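1. One predicted model, sequence on top.
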Amino acid sequence: MKHSAIAGLFITAALLASPAFAADKDLCAANLQKIDDFAASAPSLPENSLDNIKAAQEKAKKSQAAGNDKDCVEITSGLITKMQIRDPARN
């Protein structure tokens, strides 16, 4: 009886954790799309800023490709925060 209860707890924990991983994956992809849209629609960005955006995008895409969606979300969220500070009208 104890073994089946413990197994049930592990299965429940695994099922509850799954949506969190899916959420990170979706948020990573959505954030990368927001960054792409921002970079494409902001022709007045200085070249240095555009280079910083591209470098952060590459780092986030490498994290995403490695299956590390948490790092991807951290990188892209930080970049989106900077973009919102730079151009609050686009929020």
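-> Now that the structure is in, tell me what you want to look at. Numbering: from 1, shown residues only.
2. where does the protein dip in pLDDT?
-> Where the chain drops to pLDDT under 70, the residues are 1-23, 43, 87-91.
3. cutoff 80 now
-> Applying pLDDT under 80 to the chain flags the ranges 1-25, 42-45, 85-91.
4. Would you state the helices of it in chain order?
-> Assigned by DSSP state H, the chain shows helices spanning 2-40, 47-65, 69-86.
5. Out of the ones you listed, which is the most enclosed?
-> The densest packing among those, expressed as mean neighbour count by mean count of other CB atoms under 10 Å, is seen in helix 69-86 with a mean of 17. Every residue, glycine included, has its C-beta placed from N, CA and C.
6. And that one, what does it pack against?
-> Contact analysis of helix 69-86 by 3 or more CB pairs under 8 Å, 6 or more residues apart in numbering; DSSP states H and E lists helix 2-40, helix 47-65 as its packing neighbours.
7. Just the C-alpha atoms of that helix, please, in PDB.
-> C-alpha atoms of helix 69-86 as PDB (Å, rounded to 0.1, in the frame of the first residue of the first chain):
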ATOM      1  CA  ASP A  69      13.900  27.000 -21.900                       C
ATOM      2  CA  LYS A  70      14.300  28.600 -18.500                       C
ATOM      3  CA  ASP A  71      17.500  30.400 -19.600                       C
ATOM      4  CA  CYS A  72      15.800  31.400 -22.800                       C
ATOM      5  CA  VAL A  73      12.900  33.000 -20.900                       C
ATOM      6  CA  GLU A  74      15.400  34.800 -18.600                       C
ATOM      7  CA  ILE A  75      17.400  36.200 -21.500                       C
ATOM      8  CA  THR A  76      14.400  37.200 -23.600                       C
ATOM      9  CA  SER A  77      12.400  38.700 -20.600                       C
ATOM     10  CA  GLY A  78      15.400  40.900 -19.700                       C
ATOM     11  CA  LEU A  79      15.700  42.100 -23.300                       C
ATOM     12  CA  ILE A  80      12.000  42.800 -23.600                       C
ATOM     13  CA  THR A  81      12.200  44.800 -20.300                       C
ATOM     14  CA  LYS A  82      15.000  46.900 -21.900                       C
ATOM     15  CA  MET A  83      12.900  47.300 -25.100                       C
ATOM     16  CA  GLN A  84       9.900  48.600 -23.000                       C
ATOM     17  CA  ILE A  85      12.100  51.100 -21.200                       C
ATOM     18  CA  ARG A  86      13.500  52.300 -24.500                       C
END
